[in-house]
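Visitor: Sequence unavailable; structure follows:
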């Protein structure tokens, strides 16, 4: 079975490119609200599950022990743009655990935010691990290791206590076995496990409602959602879709992008969990497909709908600023 | 009919993403050597047809009138990386026609070559139109306009003599009508016309052999192929696939990438024209699919094959330089 087209890219009046993928929306009881394409094929969720990966930091007591603030908790589940505030906040988290950026094992890359990257280059700076889009999550891992009285060294390795705790959380929340047969190494060097989209949607329905989770885990999930809703800049950055959507709807929705065309989300008031993957790994397509699902599922006032509408398509402008096409959801 | 998977992206032992597309290989008599997927759907060739768009510059006599060198002719059909030599060479072409960078209508963007872009930012420079990957083609358009005694102003517009000449060349070489119904605006502001892959493959078979072209056009095509083969850095840049392939095989092959997952090519000694499009517009997939076709079609010595093998896959390394997966051709 071929997956349906989720998104189209137009140029003039012609469709130039097409993105296929699969989508599933589940309610908190596991009932299927929407299912398109192959939703049982293993998919690497990549960064889309950072909110689940961040649960042990709170559940272990490490976050409170080190006095992590709401912005820091939001950053711990982020794929941030490497802007100065993101990098500084990551460093602050490490310092609370008595550590510094030398502890980070995520590798360095230039900020995803182009203006921030150009400014650093202009100032003769080189990027550090703090600019890595995963530095907040990794700072959280270091805090977790220290809180567990474990040496943080090697915290990215599958056998380290940190990754064992993360894997256990992923398995319990999604209900899927996280097998080393389907393990890969993520961009930031931690393990990523491919699991069916169905399991990811189930996990996000639980994350959004607490249903099916123990009270401590449900409380940690609620704190994470609350932190991100209050500080949406921290979870992504300037102009980013996740930041704009949660800036608009607050705690009514939680969404998170992952590399290679993955998106996960939860709509707590409806008890829904959402997971989608574009077959070809295109983030531009995953984003408009998620926008389409939000538009269909989330009740909005007229004013909210008006503010959300521009987020539903990406206008493509050329180097002279002329609009030449757009990325939009297909009729799926 | 769904198009077949042309390329796969792996992570660990799992296929993470898949790219579909269509491919056609024709011989100079129009005989089908290989055809996969829908090859009649209109496709914007984008920059893949720059060698055809460059024909009027030579045929009109403008290239010789202004004494354009082989590196300059190669740059006129390039999508270059905006490295210093590319930008300087574009400027040199403009000066030969008594013009400067102010004439360019392609818009400015940072060099595609990341090191070059970082170096410019470090030096407090801003990018100019000379860094635009299309600046060589545009400098060629300015030379063509001046050679035709036309005001270059507005040379990107469909009605300008330059674009009329370019469109006529595209129509004759590909044999396809270039209709305003399927016209879009390219990244550099010139018109792009969507035509079937079959027409593009036919055009490249003709470009590679001269068969079906008048003597003047065939000579211009041969000069362009020779110029690119002699100066493959000019057609792309440091580390780029087109530069590496033509650096290895010289005049035995001509290939050219286009935005949104297009590749065109010619193998003159076999009389073949090649055109492919990844449905989703992914350049990473188009490149390995073209590599697979080259490996299947072009006779190679053992040494050539050994040198070509590393170009057939892209290794994916994470921020710590660890190999985490690869982009490879699928079994198509």
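Guide: Cool, the structure landed. Only a predicted model underlies this, so the values are computations on that prediction, with no experimental measurement involved.

Visitor: contacts and neighbour counts: CA atoms only from here.
Guide: Noted.

Visitor: mind listing what the longest strand seen in chain A pairs with, with the direction of each?
Guide: For chain A, the strand with the greatest residue count under DSSP state E is strand A:14-27. Strand pairing for strand A:14-27, determined by DSSP bridges: strand A:5-11 (antiparallel), strand A:32-36 (antiparallel), strand A:272-278 (antiparallel).

Visitor: What is the burial count for residue A:172?
Guide: By the criterion of other C-alpha atoms under 10 Å in any protein chain shown, residue A:172 has 15 neighbours.

Visitor: Tell me the pLDDT of it.
Guide: Residue A:172 is assigned a predicted lDDT (pLDDT) of 97.

Visitor: So it belongs to a helix, correct?
Guide: Yes. The assignment for residue A:172 (DSSP: H, G, I helix; E, B strand; the rest coil) places it in a helix.

Visitor: what's the closest non-adjacent residue to residue A:211?
Guide: Leaving aside its chain neighbours, residue A:211 sits nearest to residue A:28 (6.7 Å; criterion: C-alpha to C-alpha, 6 or more residues apart in numbering or on different chains).

Visitor: any idea how far chain B is from the one you found?
Guide: Using C-alpha to the nearest C-alpha, to the nearest Å, we find residue A:28 at a distance of 27 Å from chain B.

Visitor: now swap in residue A:188 and tell me
Guide: Distance from residue A:188 to chain B, by C-alpha to the nearest C-alpha: 6 Å.

Visitor: Also residue A:263?
Guide: In this view, residue A:263 and chain B are 14 Å apart by C-alpha to the nearest C-alpha.

Visitor: Identify each of the helices in chain A and give its residue range.
Guide: For chain A, helices defined by DSSP state H occupy the ranges A:50-53, A:55-59, A:62-65, A:70-76, A:84-96, A:114-122, A:135-147, A:161-174, A:197-209, A:215-230, A:232-235, A:241-249, A:283-297, A:302-308.

Visitor: Those residues of the stretch 201-332 of chain A touching chain B, which are they?
Guide: Within the stretch 201-332 of chain A, the positions near chain B by C-alpha under 8 Å from any C-alpha of the partner chain are A:260, A:278-281, A:317-320, A:322, A:324.

Visitor: Quick check on the residues you listed: which are buried?
Guide: A:260, A:278-281, A:318-319, A:324 (16 or more other C-alpha atoms under 10 Å in any protein chain shown).

Visitor: Widest-spaced pair of the residues you listed?
Guide: Farthest-apart pair in these is A:279 and A:319; separation 28.8 Å (C-alpha to C-alpha).

Visitor: residues from the stretch 51-200 of chain A in reach of chain B?
Guide: A:106-109, A:118-119, A:121-124, A:181-189, A:194.

Visitor: There's contact between residue A:174 and residue A:196 in this structure, I believe.
Guide: No. Judged on C-alpha atoms under 8 Å, residue A:174 makes no contact with residue A:196 at a distance of 9.5 Å.

Visitor: Contacts made by the least confident helix or strand in chain A by mean pLDDT with the rest, please.
Guide: Lowest mean confidence among the helices and strands of chain A (mean pLDDT, DSSP states H and E): helix A:114-122, at a mean of 91. Outside helix A:114-122, the residues that touch it by C-alpha atoms under 8 Å, 6 or more residues apart in numbering or on different chains are A:82-84, A:110-111, A:126-127, B:118-119, B:121-124.

Visitor: for stretch A:301-313, same thing?
Guide: By C-alpha under 8 Å, 6+ apart, stretch A:301-313 touches A:241, A:245, A:248, A:288, A:291-292, A:326-329.

Visitor: Could you rerun that using 10 Å?
Guide: Contact partners of stretch A:301-313, identified using C-alpha atoms under 10 Å, 6 or more residues apart in numbering or on different chains, comprise A:7, A:9, A:240-241, A:244-245, A:248-249, A:284-285, A:287-295, A:298-300, A:326-329.

Visitor: Identify each buried residue in that stretch, please.
Guide: In stretch A:301-313, counting by 16+ other C-alpha under 10 Å, buried: A:308, A:311-313.

Visitor: Put together TSV for these, with pLDDT on each row.
Guide: As requested, those are exported to TSV (pLDDT from 0 to 100):
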residue	pLDDT
A:308	98
A:311	96
A:312	96
A:313	94
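
Visitor: thinking again about what came up before, show the buried residues in the contacts of helix A:114-122.
Guide: A:82-83, A:110-111, A:127, B:118, B:121-122.

Visitor: Now render those as TSV, adding distance to residue A:35.
Guide: Formatted as TSV, these follow (distance: C-alpha to C-alpha, whole Å):
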residue	distance to residue A:35
A:82	35
A:83	37
A:110	37
A:111	36
A:127	42
B:118	45
B:121	47
B:122	49
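
Visitor: close enough to count as contact, residue A:282 and residue B:17?
Guide: Yes. Using C-alpha atoms under 10 Å, residue A:282 is in contact with residue B:17, at 9.1 Å.

Visitor: Overlap in contacts, these two.
Guide: When contacts are counted by C-alpha under 10 Å, 6+ apart, residue A:282 and residue B:17 are jointly contacted by A:260-261.

Visitor: Run through the residues that contact residue A:213.
Guide: A:172-173, A:203, A:206-207, A:219, A:221.

Visitor: now with 8 Å?
Guide: Each residue near residue A:213 by C-alpha under 8 Å, 6+ apart is listed here: A:173, A:206.

Visitor: how close does residue A:74 sit to residue A:237?
Guide: Distance check for residue A:74 against residue A:237: by C-alpha to C-alpha, to the nearest Å, it reads 12 Å.

Visitor: More neighbours: these two, which one.
Guide: The neighbour comparison of residue A:74 against residue A:237 (other C-alpha under 10 Å) goes to residue A:74, with 28 against 22.

Visitor: which regions of chain A sit below the pLDDT cut-off?
Guide: A:1 (pLDDT under 70).

Visitor: Measure how buried residue A:222 is and give me the count.
Guide: Neighbours of residue A:222 (other C-alpha under 10 Å): 17.

Visitor: for residue A:331, same thing?
Guide: A count of nearby residues for residue A:331, using other C-alpha under 10 Å, gives 10.

Visitor: Can you give me every residue that contacts the residue nearest to it when sequence neighbours are not counted?
Guide: Of all residues not flanking residue A:331 in the chain, residue A:6 sits nearest, at 7.3 Å (C-alpha to C-alpha, 6+ apart). If a contact means C-alpha under 8 Å, 6+ apart, then residue A:6 has A:18-22, A:278, A:285, A:289, A:329-332 as its contacts.

Visitor: tally of neighbours for residue A:114?
Guide: 13.

Visitor: No further questions, thank you.
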